[in-house]
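*Asks:* Take a look and give me a structure for this.
(one chain, ligands or ions: 2)
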Amino acid sequence: MRTLIVNIKTLAGVCSGEAIRLQGAQMAQLGQIENAWLLVEDEHIAGYGEMSTCPTHHQQADIEVDATGCMVLPSWCDPHTHIVYAGSREAEFVDKIKGMSYAEIARRGGGILNSADLLHTLSEEQLYNQAVTRAWEMIRKGTGCIEIKSGYGLNTADELKMLRVIQRMKETLPVHIVSTFLGAHAVGRQYTQPQYVDLIVNEMIPEVGKERLADYIDVFCDKGFFTTDETSRILEAGARWGMRPKIHADELASSGGVEVGVAHHALSVDHLESMADEQIETLRGSDTMPTALPGTSFFLNMPFAPGRKMIDAGLGLAVASDYNPGSTPSGDMKFVVSLACIKMRLLPEEAINAATLNAAYAMGLSKEYGSITVGKVANFFITTPIPSVSFIPYAYTSPLINRVFLRGKEV
Ligand code: NIG
Ligand code: FE
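*Replies:* Ligands and ions are numbered 1, 2, ... in the order given. All right, here's what the predicted structure looks like:
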């Protein structure tokens, strides 16, 4: 099956394929071809170029799409979500409006524990149906790869239930999904903290490992949640089953998560709203991708991660939605890109690279996804007619993502 997209006003996110992540000044370089074509063969990108070199004259395509006036971009990659959850938490949203903080709600037993109680009452089927609805909402908004975490189970059976739901989503949805075991999201109600850490290390990780239910392992390493020592112990246990870390770090306080993450060769350290200059130094020279979640800062009225500073210091940066019921009930990556520009002072090109190639890197997928590159999976979207790349984050609530292609097929 061959699909040819012709007369593309701008084909953006074009990349030779050698770069698996972009750092510092490279992040402002977003490869673009004006008046372009793009050829897809089955699931992969087979070629692209300027219209003057378009192959239609001698090679017939099965489907031809005229994209006059429109842009084509690689699909967003979303390397940090919690979309397998039960119900919603809008009562806490109202509590926050009245003045309570996220940390205060957690301390009185709400927050993550609230979601865990609700998740316990749902069957795997009910949980799957709710999560699939959220995944389709994200797909329609241009996302082509999603990382999904467990972490609302907080006992072995419910953590496994969540991970099996993610497994089923991997098998049934056109979007590429990777799974992360986040047993250490909060301490389950029936345990003390030391008991719960023992349970994660001695029971949950081996079970998850044996069933091969997680690609990565995460810990909410932060003030009021898990300490750096507990985090190290959990990450070491995960490493024995081949799970590389992706860490929740420096959200509520600068609390050592970045240092632990880098020491354990984490693929990403995420949140970073409270990170300081020392953590920027720690990340320099590492292969860990700092990942900002600007939707969380927006929704919780918290400081934004110092994205501009990190890029100016020569680091790479990824962004993710963090879609979850407590701190960001939204998986809209176009809005995340707008927030990265407006609140973190990223240039549109930097923000788009953060949400595509670098985001793919932060989920271990940048060899196959995240750019318009021959041989990569054909995940891309076509916009409505728009004047420029900068218009995408500028028009911050306009639904510009018009047609979505995943694995070469329109969805
Ligand atoms: O990434 N910070 C920790 N975990 C989630 C929030 C989870 C929740 O509140 O349900 C986050 O923001
Ligand atoms: Fe999170």
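*Asks:* going forward, measure contacts and count neighbours with C-alpha atoms only.
*Replies:* Noted.
*Asks:* can you pull out the helices in the stretch 1-150 of the chain?
*Replies:* Here the stretch 1-150 of the chain has its helices, by DSSP state H, counting those that start in this stretch, at 90-97, 102-107, 112-120, 124-140.
*Asks:* Measure how far the third one is from the centre of its chain, please.
*Replies:* I take that to be helix 112-120. Its chain's C-alpha centre and that of helix 112-120 lie 22 Å apart, by C-alpha atoms, centre = their mean, to the nearest Å.
*Asks:* contacts for that helix?
*Replies:* Helix 112-120 is contacted by residues 85-89, 106, 127, 152-154, 158, 185-186, 188-189, 325-326 when judged by C-alpha atoms under 8 Å, 6 or more residues apart in numbering.
*Asks:* Apply 6 Å and report the result again.
*Replies:* Contacts to helix 112-120, defined as C-alpha atoms under 6 Å, 6 or more residues apart in numbering, come from residues 86, 152, 153.
*Asks:* Out of the residues you listed, who's the most crowded?
*Replies:* residue 152 (29 neighbours; other C-alpha atoms under 10 Å).
*Asks:* Name the SS class of that one, please.
*Replies:* Using DSSP: H, G, I helix; E, B strand; the rest coil, the structure places residue 152 in coil.
*Asks:* That one: what's it in contact with?
*Replies:* Contacts of residue 152 (C-alpha under 6 Å, 6+ apart): residue 116.
*Asks:* swap the cut-off to 7 Å and go again
*Replies:* 85, 112, 115, 116, 119 (C-alpha atoms under 7 Å, 6 or more residues apart in numbering).
*Asks:* Need these in a markdown table (columns: pLDDT, distance to residue 281 and neighbour count).
*Replies:* Output for the contacts of residue 152, formatted as a markdown table (pLDDT from 0 to 100; distance: C-alpha to C-alpha, whole Å; neighbours: other C-alpha atoms under 10 Å):
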| residue | pLDDT | distance to residue 281 | neighbour count |
| --- | --- | --- | --- |
| 85 | 98 | 35 | 24 |
| 112 | 94 | 32 | 23 |
| 115 | 96 | 36 | 21 |
| 116 | 97 | 36 | 23 |
| 119 | 98 | 40 | 23 |
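*Asks:* These also near ligand 1: which ones?
*Replies:* When contact is defined as C-alpha under 6 Å from any ligand atom, the contacts of residue 152 meet ligand 1 at residue 112.
*Asks:* Tell me who's in contact with the one residue in the chain that gets nearest to ligand 1.
*Replies:* Per C-alpha to the nearest ligand atom, residue 326 is where the chain lies closest to ligand 1, at 3.5 Å. When contacts are counted by C-alpha under 7 Å, 6+ apart, residue 326 touches 89, 111.
*Asks:* Burial check on residue 16, number of neighbours?
*Replies:* As a burial measure, residue 16 scores 11 neighbours (other C-alpha under 10 Å).
*Asks:* before we move on, back to that, closest one of the contacts of helix 112-120 to residue 277?
*Replies:* Closest to residue 277 out of those is residue 152 (32.3 Å), distances taken as C-alpha to C-alpha.
*Asks:* Residue 397: neighbouring residues, count only.
*Replies:* Look at residue 397: counted by other C-alpha under 10 Å, it has 12 neighbours.
*Asks:* Dihedrals phi and psi, the residue lying closest to it once chain neighbours are set aside?
*Replies:* Spatially, and ignoring its direct neighbours in sequence, residue 397 is nearest to residue 335 (7.1 Å; C-alpha to C-alpha, 6 or more residues apart in numbering). When read as degrees, to the nearest 10, the backbone of residue 335 gives phi -70, psi -40.
*Asks:* Relative to the whole chain's centre, how far out is the helix or strand bottoming out on mean pLDDT in the chain?
*Replies:* Counting by mean pLDDT, DSSP states H and E, the chain has its least confident helix or strand at helix 102-107, which shows a mean of 87. Here helix 102-107 is found 24 Å from its chain centre; the criterion is C-alpha atoms, centre = their mean.
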